[in-house]
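Novice: Please work out how this folds:
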Amino acid sequence: MERKPRKYWPSGNSSFVTTLPNNWVKDYAKEFSEKEIMVTQIGETLLFTPKKNPPAEKPLPIEMKPSDASRAYYSIISAYIQDYSEVCLVEKGYSRSFLDKIMLIQNKLPGATIQPKSEGEYKVTFVTEPEPIPTILDKMYGHYKQIYEKNKDLFTGLDEKENINTKFNFVQYTEEEVDKMGFLLKRLFTRVFNTVLFDPTILETTGLSKGKDTDYSVVSKSVAYSVVASNLERITDIQVGIFRTLKDIALDEKGRKSLGIHKDYGFDDYYNAAHQMVTDAYQSKDNLKLLLKVLNSEDRQDGDVCYREGYIDSKQRRQALKLAEESQSLSSLEGSIWANTGLATNIAEAWINMRDLE
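Specialist: Sure thing, here's the model as predicted:
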């Protein structure tokens, strides 16, 4: 990086001119479009880049070899995240099971479609429009709450008319929807970084900026948003695990008793406290008092027991750990519930990093 002071002088009544480094012009002149450059203002900083027409995107070729199925499968997912619009799959050896797995990508990635192109070739197209990133996050959080409510019901048992498998299908489907939104967000984050300098409207369509004045510093917000998204995905995954564990424990009266329900502090209270911390963390983006409450609960220690001040005190955590000693399933349940509190802290830290930009 070379930094040198450069003079500027008036040109007419309302403009100023300056010179460009000779080496920079020589090195990049071949990329200029009609000897034009792009000038981008980011606060008090001016960014000069060659103006060039984006090249026509060619389909990304990916070979489908039965011996290397995973590589092709995840290459397609990677192409989606990198904001490719089209992939060309070429069979290098037939495998029905592999082809069936590839077809599942249509349900995994929003906007993905797979169609036969010719014998031995398939066209994968990705068609996604920019959406407000905060809105997608709100949907992910809403899905988390839906699974939380299903888990909460299991602590007190099932109604005779209820079907546990129907409940579990709902929980799994909801978690899959969150994963799909996570992939969409990763694709949008890539699009923001790749296009913002020559198409600032991407900031408005993705909800990162509002109004006519473009503030490029908000691009950094997408980093914080990506942290929130990844933690919401993880929290939702954990909820599915909690459902599986509760399904095995809470379907009979003996199992429900082992959860310590209706005692001084049972697993249902413990679960609700962890959920409250997640809720406060997500809703604290524009509430500094709530944000500090979540962050102040981090890494509290009482002897050999960690706790979350304001949500789970040391006595309550000890009670939960004592209950967990009764079986491996209860120990797994305790660990899963406690993991939610750590992820809640991650979300709050992302919000506080975003506030530093304002």
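Novice: my guess is Val17 contacts Arg6, does it?
Specialist: No. Applying C-beta atoms under 8 Å, one finds Val17 not in contact with Arg6, separated by 10.6 Å. For glycine as for every other residue, the C-beta is placed from the backbone atoms N, C-alpha and C.
Novice: Could you pull out the buried residues of the strand or helix carrying Val228?
Specialist: Val228 belongs to helix 221-249 when elements are defined using DSSP states H and E. Burial within helix 221-249, assessed by neighbour count using 16 or more other C-beta atoms under 10 Å, is assigned to 221-222, 224-240, 242-247, 249.
Novice: Does anything pack onto that helix? Which helices or strands?
Specialist: In terms of contact count using 3 or more C-beta pairs under 8 Å, 6 or more residues apart in numbering; DSSP states H and E, helix 221-249 is assigned the packing partners helix 133-154, helix 164-195, helix 253-258, helix 267-283, helix 328-355.
Novice: Name the residues that touch the third one?
Specialist: The contact list for helix 253-258 (C-beta atoms under 8 Å, 6 or more residues apart in numbering) reads 155-157, 248-250, 323, 326-327, 330.
Novice: Can you tell me which of those are buried?
Specialist: In the contacts of helix 253-258, burial by neighbour count holds for 155, 249-250, 323, 330, counting by 16+ other C-beta under 10 Å.
Novice: any idea which of these is least confident?
Specialist: In terms of pLDDT, the lowest of those is Ala250, showing 82.
Novice: Just give the nearest non-adjacent residue to it, would you?
Specialist: On the basis of C-beta to C-beta, 6 or more residues apart in numbering, the spatially nearest residue to Ala250 that is not a chain neighbour turns out to be Leu154, at 4.8 Å.
Novice: Could you check how far the one you found is from Ile261?
Specialist: Note on Leu154: its distance to Ile261, by C-beta to C-beta, to the nearest Å, is 11 Å.
Novice: And the two? Which one has more around it.
Specialist: More neighbours surround Leu154 than the other of Leu154 and Ile261, with 23 against 15 (other C-beta atoms under 10 Å).
Novice: From what I see, that one and Arg244 are in contact.
Specialist: No. Using C-beta under 8 Å, Leu154 is not in contact with Arg244, being 10.4 Å away.
Novice: helix or strand right after the helix or strand Phe48 falls within?
Specialist: Phe48 belongs to strand 45-50 when assigned by DSSP H and E. Sequence-wise, the next helix or strand beyond strand 45-50 is strand 60-64, with elements assigned using DSSP H and E.
Novice: Contacts only, for the residue positioned nearest the centre of the chain.
Specialist: Note on the chain: the residue nearest the mean C-alpha position is Ala229, at 2.6 Å, using C-alpha atoms, centre = their mean. Taking C-beta under 8 Å, 6+ apart as the contact definition, Ala229 lies against 136-137, 140, 181-182, 185-186.
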